Every structure is written in structure tokens, then in C-alpha cells.
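> Sequence and predicted structure below; questions after.
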Amino acid sequence: MFKIALRPLALTAALLAGTATVFAANPMVGGAEMLDSKNIVENAMNSKDHTTLVAAVKAAGLVETLQGAGPFTVFAPTNEAFAKLPAGTVDNLLKPENKDQLTKVLTCHVVGKAVMAEALVKMIADDGGEHDVKTVGGCVLKAKAADGKVTLTDENGGVSTVTIADVKQSNGVIHVVDAVILPKM
């Protein structure tokens, strides 16, 4: 069975307050508090680790979509993840004439439903150790879990690891990843 790192719950405070439901606080991302009352774009804009992603979402014209009702799961690459791409790749993708290609890359990071880490790990286990994740961009990612970590392999064999899971949003969930997922080339 796979381990899932659980964030500490404010159990003592809830018990003292006499509340019946206890919720885990969202993790900090990019030095900012992630509020589950804000949508994916609003929270991403507050993360200093996701400025490249936010710029790309704006350039692709996906802001309204990712502010929509969803629910969505976004595998959100950090600035460092974008920096791992070959020199000039990000600048080239951000050019207006490459909007379609940028949109394809970004939508390969988005799933059309909210999937928490525990559910994804269960799907992986139920499928014998590897689960196909279909994205709104038409990519099929191979999800695996080992040593308490979830990895996603894109159609080119690139591997991305979830570094921060279950960042709840008003319209879904973000899982921070350490590599950019690329569509089949």
C-alpha cells in the first residue's frame, strides 16, 4: 500500500470549540497562503513559485476558463520546472503566434474533475500500479505511486513528481509538480 503524507489537523482546537467537522488547512505554496475560498488563478497569482505559469495562462487566454466553476485538477509546474526546459522554450511559447501550442501544453496539466491525492493513489493501486490520467488537452499521463510520492509520466517519457498535493481551491485542486508536462511531439 502507498503512503500519503497527511497535513496536521487542528484537532485540539476543533474539539475545544465543540465542532464536529475537522478540515486540514491548505499548505503554503510559493510563500503564500492558499485559500480554498479562492479559485485556481487567484491562488496561483499569489504564489511566487508560479509566476511563469500565471504568465503562460494569461498568454494562452485560459484565465477565464481556470476561474470558472470547474471542478478542475491542475498539475501546476513551478518556475523551476519551466526553467528545466531547453533555453528559449518558454519565451518562444509565450509569443502570440504560438498561442495554440502553449494552450496545448497548459491543458495537458488540467483534468476536468477534482482529484485529491488519496483518490489518485487508490486509482493507481486499483489499476495494478499505473493509472491513465486523461487531461482536457487530450494528453494521457501515466500516474504511479511509490515511496509516498506520485509521479506523472507524459507521452514523451518525461517524469514529473507531485511535490505539494491537495491544495484545495474553490473550483478544484492544485497539485504542485516539479517538471512541465509536454504533449506528444
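Yep, it's here. Numbers count the residues shown, from 1 in each chain.

> a strand runs through V105, doesn't it?
No - read with DSSP: H, G, I helix; E, B strand; the rest coil, V105 is helix and lies in no strand.

> Make 358 the starting number, not 1.
In the new count, where the first residue is 358, that last one comes out as V462.

> Check the burial of it by counting its neighbours.
Look at V462: counted by other Cβ atoms under 10 Å, it has 22 neighbours. To be clear about C-beta, it is placed using only N, CA and C from the backbone, and glycine gets the same treatment.

> Now for it: which residues touch it?
The neighbourhood of V462, defined by Cβ atoms under 8 Å, 6 or more residues apart in numbering, consists of A413, L450, G494, V537, I538, L539, P540.

> how much space between K415 and T408?
From K415 across to T408, the span is 11 Å (Cβ to Cβ, to the nearest Å).

> I meant to write T446 there.
For T446, the distance to T408 equals 16 Å [Cβ to Cβ].

> likewise A482?
Distance check for A482 against T408: by Cβ to Cβ, it reads 35 Å.

> same question, Q526
Counting by Cβ to Cβ, the gap between Q526 and T408 amounts to 18 Å.

> got it, and A536?
Distance of A536 to T408, computed by Cβ to Cβ: 17 Å.

> For these two, indicate the residue with more neighbours.
When A536 and T408 are compared on other Cβ under 10 Å, the one with more neighbours turns out to be A536, at 21 against 15.

> Over to the more buried one. Which of the three states is it?
With three-state DSSP as the basis, A536 sits in coil.
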